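**Q** the sequence isn't on hand, but the structure is:
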């Protein structure tokens, strides 16, 4: 399944916590998704998945959310895009 990342950003808040986001599309899905990331030290990450623009298929959304729990490669690809954006200053 092909992933196309359209936006990515990462910053540190006033307490030094990492706060980031990646907007992306998945092959076969009609809408864009946004995953937001949070970590206190940059090692263990919490995330939240949402539709980026308009709502789409709830079934596809739930399948993607379950996949993110299982597929470390996909999760890391999305997280790395946000981390790379912090390093490069891109948004």
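**A** Great, that's in hand. Computed from a prediction, not measured in an experiment: that's the story for all the values here. Residues are numbered from 1 along each chain as shown.

**Q** after the strand or helix carrying residue 5, next one along is what?
**A** Element membership of residue 5, judged by DSSP states H and E, is strand 3-12. The C-terminal neighbour of strand 3-12 among helices and strands, as given by DSSP H and E, is strand 18-26.

**Q** what residues does that next one touch?
**A** 1-13, 31-40, 42, 45, 52, 64, 78-79, 81-83, 85-86 (CB atoms under 8 Å, 6 or more residues apart in numbering). For glycine as for every other residue, the C-beta is placed from the backbone atoms N, C-alpha and C.

**Q** Three-state assignment for the nearest residue to residue 29 once chain neighbours are set aside, please.
**A** The shortest distance from residue 29 to any residue that is not its chain neighbour, by CB to CB, 6 or more residues apart in numbering, is 5.5 Å, and that residue is residue 60. Residue 60 carries the three-state label helix when classified by DSSP: H, G, I helix; E, B strand; the rest coil.

**Q** related to what we said a few turns ago, would you list the buried entries among the contacts of strand 18-26?
**A** Listed as buried from the contacts of strand 18-26 are 5, 7-10, 32-37, 39, 52, 64, 78-79, 81-83, 85-86; burial here means 16 or more other CB atoms under 10 Å.
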